[in-house]
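1. Pasting the sequence and the predicted coordinates here, then a few questions.
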Amino acid sequence: MDFNDTPQEAEYRAKARAWLEDNAAEYREPPETAWKLDEFIQRSKAWQAKKFAAGYTGITWPKAFGGQGLGPMQSIIYGQEESRFHAPSGLYSIGLGMCIPTVFTHGSAEIAERYVPKALVGDEVWCQLFSEPSAGSDLAGIRTRAVQDGDEWVIDGQKVWTSFAHASDYGIVVTRTDPSVPKHKGLTMFIVDMKAPGVEVRGIKQMSGGSDFNEVFFTGVRVKDTHRLGDVGNGWKVALTTLMHERLAVGGKPRHAPGYETLMKLARGVEAPVGGPAIEAGDVRQRIAQSYINDQGIKLTQMRALSALSRGQMPGPEQSISKVVVAKTMQEMASFALDLAGGDGFVTGADGDPELAKLQGSYLGAAGLRIAGGTDEILRNIIAERVLGLPGDLRPDKDKPFNAAA
Ligand SMILES: Cc1cc2nc3c(=O)[nH]c(=O)nc-3n(C[C@H](O)[C@H](O)[C@H](O)COP(=O)(O)OP(=O)(O)OC[C@H]3O[C@@H](n4cnc5c(N)ncnc54)[C@H](O)[C@@H]3O)c2cc1C
């Protein structure tokens with residue numbers, strides 16, 4: 001296994017690094033206080049437009065759709081280089097990472113022409129409307145329905161946990177169009193205008209104080225048939241395109257997650273209960289060593305995924321392993337760091353220690369990471385079935401008509 005860049009990859013990395021040095025200087029350090037939503041949106045749009053002009057958006061997309069026509073390695077290299085900065089890219093991660101590739105894969109040429117360029121330059125923001133109150137891990141169990149009325153469809157139902165719905169112009173929505181067939185067969189996907197009459201977005205307050213996701217209610221929302229993605233009843237296959245693109249994001253530990261370096265710094269500055277610097281206490285040293293081992297394991301597992309990509313293969317189940325370990329490690333390390341910090345780790349106002357505020361943010365965000373994009377239990381099921389070859393999960397409703405199984 002050779003973890004070094006090929007000469008072409010090294011050249012691409014050097015070019016991207018130089019561009020970022022020149023253009024992302026203002027994002028070298030994290031903001032002192034978190035941006036308010038308006039400022040975040042305005043900064044995100046400006047940053048996206050800048051990247052678009054320089055050719056660092058849609059890196060793997062076909063040129064016909066405004067992309068760069070390059071491979072996943074270039075996309076990952078750019079992502080690695082950008083992650084050295086604190087530029088505001090998150091607003092587009094779902095839209096450009098998952099929604100728009102689904103739109104140009106399953107929408108008509110007219111639809112792609114209308115929506116793709118505006119998303120790529122950052123003018124229009126997209127969200128993914130999949131989860132419902134009773135359908136998250138079991139996505140095919142959704143109940144939001146769409147009924148055809150001439151050349152339009154009428155959507156009624158509710159979605160939940162929709163990240164950035166409050167900042168989005170459009171979304172891709174999974175609906176049930178035929179409840180009389182098994183649950184995977186009666187689904188259809190549409191593009192929905194988030195400002196259309198009948199769409200109501202209600203923010204969910206998170207324990208971190210933020211409000212990144214929402215409940216979305218649909219009441220008689222009309223969508224033109226031209227905005228259907230794929231065939232009627234083929235929505236499961238279309239949704240899999242979206243989820244496949246999620247797999248391509250060979251994400252590592254979130255940038256703000258505490259690692260062994262954070263713990264060492266903290267442990268040098270605080271006192272152990274028995275006196276003396278905490279770094280000298282055996283149990284503290286052991287936890288820090290464990291954090292180092294986890295970090296290295298995560299890094300090497302991601303290298304394995306990158307090696308597969310560079311050979312033209314899709315990453316395999318190592319992605320599920322990484323996700324489980326990253327989320328669990330982040331939660332454990334943040335919790336340990338806050339224990340070390342004692343009462344100082346409880347930061348409520350803007351005048352608290354920014355480093356400790358970041359640790360608190362990691363701690364409060366880690367629980368969500370263990371759920372988003374596949375819960376620990378679901379990923380463990382995948383590892384059990386696809387890596388270890390254990391018998392599959394019981395799926396008694398798989399072949400029954402949806403309205404008979406419910
Ligand atoms: C930060 C964040 C952002 C999100 N953003 C979006 C978004 O933009 N768009 C969107 O559509 N959704 C989004 N989601 C929703 C997310 O996809 C779901 O929360 C997730 O799929 C889990 O579904 P659920 O919450 O319905 O839990 P459930 O599926 O009801 O699971 C509840 C518990 O039961 C366990 N469980 C369920 N089935 C099994 C099984 N077969 N075997 C073992 N255990 C099982 C689960 O692991 C979990 O612990 C987001 C979630 C988070 C946390």
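-> Received it, and whenever you're ready, just let me know what you need.
2. which residue ranges form the strands in the stretch 51-200 of the chain?
-> Assigned strands in the stretch 51-200 of the chain, in chain order: 126-129, 145-149, 152-163, 170-176, 187-193, 199-203 (criterion: DSSP state E, counting those that start in this stretch).
3. name the helices or strands packed onto the shortest one?
-> If contacts are counted by 3 or more C-beta pairs under 8 Å, 6 or more residues apart in numbering; DSSP states H and E, strand 126-129 sits against helix 93-94, strand 152-163, strand 170-176. For every residue, glycine as well, the C-beta is placed using N, CA and C.
4. Could you rerun that using 10 Å?
-> The contact analysis (3 or more C-beta pairs under 10 Å, 6 or more residues apart in numbering; DSSP states H and E) places strand 126-129 against helix 93-94, helix 100-106, strand 152-163, strand 170-176, strand 187-193, strand 213-224, helix 235-247.
5. Nearest to the ligand, out of those?
-> Distances from the ligand to each of the helices and strands packed on strand 126-129 were compared using C-beta to the nearest ligand atom; the shortest belongs to strand 152-163, at 3.4 Å.
6. Do me a favour and average the pLDDT over that closest one.
-> Averaging the model's pLDDT scores along strand 152-163 yields 98.
7. Pull the distance from stretch 192-206 to the chain's centre.
-> Centre-to-centre, stretch 192-206 and its host chain are 20 Å apart (C-alpha atoms, centre = their mean, to the nearest Å).
8. returning to that earlier point: so which of the strands of the stretch 51-200 of the chain gets nearest residue 106?
-> Taking C-beta to C-beta, strand 187-193 is the member of the strands of the stretch 51-200 of the chain nearest to residue 106, at 7.2 Å.
9. Tell me, how many residues neighbour the residue of the chain found nearest the ligand?
-> Nearest to the ligand, among the residues of the chain, is residue 136, at 1.8 Å (C-beta to the nearest ligand atom). A total of 18 residues lie near residue 136 under the criterion other C-beta atoms under 10 Å.
10. what sits against the closest residue to it other than its chain neighbours?
-> Distance criterion C-beta to C-beta, 6 or more residues apart in numbering; nearest residue to residue 136, sequence neighbours excluded, is residue 161 at 7.5 Å. The contact partners of residue 161, by C-beta atoms under 10 Å, 6 or more residues apart in numbering, come to 128-133, 136, 204, 212-216, 368, 371-372.
11. most surrounded residue in the residues you listed?
-> Each of the contacts of residue 161 was scored by neighbours using other C-beta under 10 Å; the highest score is residue 129's, at 31 neighbours.
12. Need the pLDDT of it.
-> Residue 129 is assigned a predicted lDDT (pLDDT) of 98.
13. Surely it and residue 146 touch.
-> No: taking contacts as C-beta atoms under 10 Å, residue 129 lies outside contact range of residue 146: 12.0 Å.
14. list the contacts for residue 73?
-> Counting by C-beta under 10 Å, 6+ apart, residue 73 touches 5-6, 8-9, 12-13, 59-60, 250, 306, 309-310, 312.
15. Among these, name the ones in helices.
-> Counting by DSSP state H, the part of the contacts of residue 73 found in helices is 8-9, 12-13, 306, 309-310.
16. Mind giving me the PyMOL command for buried ones among those?
-> Selecting the buried subset of those in PyMOL, with 16 or more other C-beta atoms under 10 Å as the burial test, is done by:
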select buried, resi 9+12+13+306+309+310
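17. Show me which residues of the stretch 151-300 of the chain sit near the ligand.
-> Applying C-beta under 6 Å from any ligand atom, one finds that the stretch 151-300 of the chain approaches the ligand through 161-163, 213.
18. residues in contact with the residue nearest to residue 142 when sequence neighbours are not counted?
-> Take residue 142 and drop its neighbours on the chain: the residue closest to it by C-beta to C-beta, 6+ apart is residue 135, 4.4 Å away. Taking C-beta under 10 Å, 6+ apart as the criterion, residue 135 is in contact with 141-144, 159-160, 174, 176, 183.
19. Top of those by number of neighbours, please.
-> residue 142 (28 neighbours).
20. Surely residue 243 is in contact with residue 319?
-> No: in this structure, residue 243 sits apart from residue 319 without contact. The criterion is C-beta under 10 Å, and the distance is 11.7 Å.
21. tell me the domain boundaries of the chain?
-> Structural domains assigned to the chain are 7-88, 126-239, 252-388, following the TED database.
22. closest to residue 117 out of those domains?
-> Nearest to residue 117, of all the domains of the chain, is domain 7-88, at 5.4 Å by C-beta to C-beta.
23. End to end on that closest one, go ahead and measure it.
-> Across domain 7-88, the straight-line distance between its terminal residues is 30 Å, by C-alpha to C-alpha, to the nearest Å.
24. distance between it and the chain's centre?
-> Remark: domain 7-88 is offset 16 Å from the chain centroid, using C-alpha atoms, centre = their mean.
25. Then stretch 173-181?
-> 25 Å.
26. Can I get it as PDB, trimmed to CA atoms?
-> The C-alpha trace of stretch 173-181 is given here as PDB (Å, rounded to 0.1, in the frame of the first residue of the first chain):
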ATOM      1  CA  VAL A 173     -38.300  14.500  -1.300                       C
ATOM      2  CA  VAL A 174     -39.100  10.800  -1.100                       C
ATOM      3  CA  THR A 175     -42.900  10.100  -1.200                       C
ATOM      4  CA  ARG A 176     -45.200   7.100  -1.200                       C
ATOM      5  CA  THR A 177     -47.200   7.000  -4.400                       C
ATOM      6  CA  ASP A 178     -48.500   3.400  -4.100                       C
ATOM      7  CA  PRO A 179     -49.300   2.000  -0.700                       C
ATOM      8  CA  SER A 180     -50.600  -1.300  -2.100                       C
ATOM      9  CA  VAL A 181     -47.200  -2.700  -3.100                       C
END
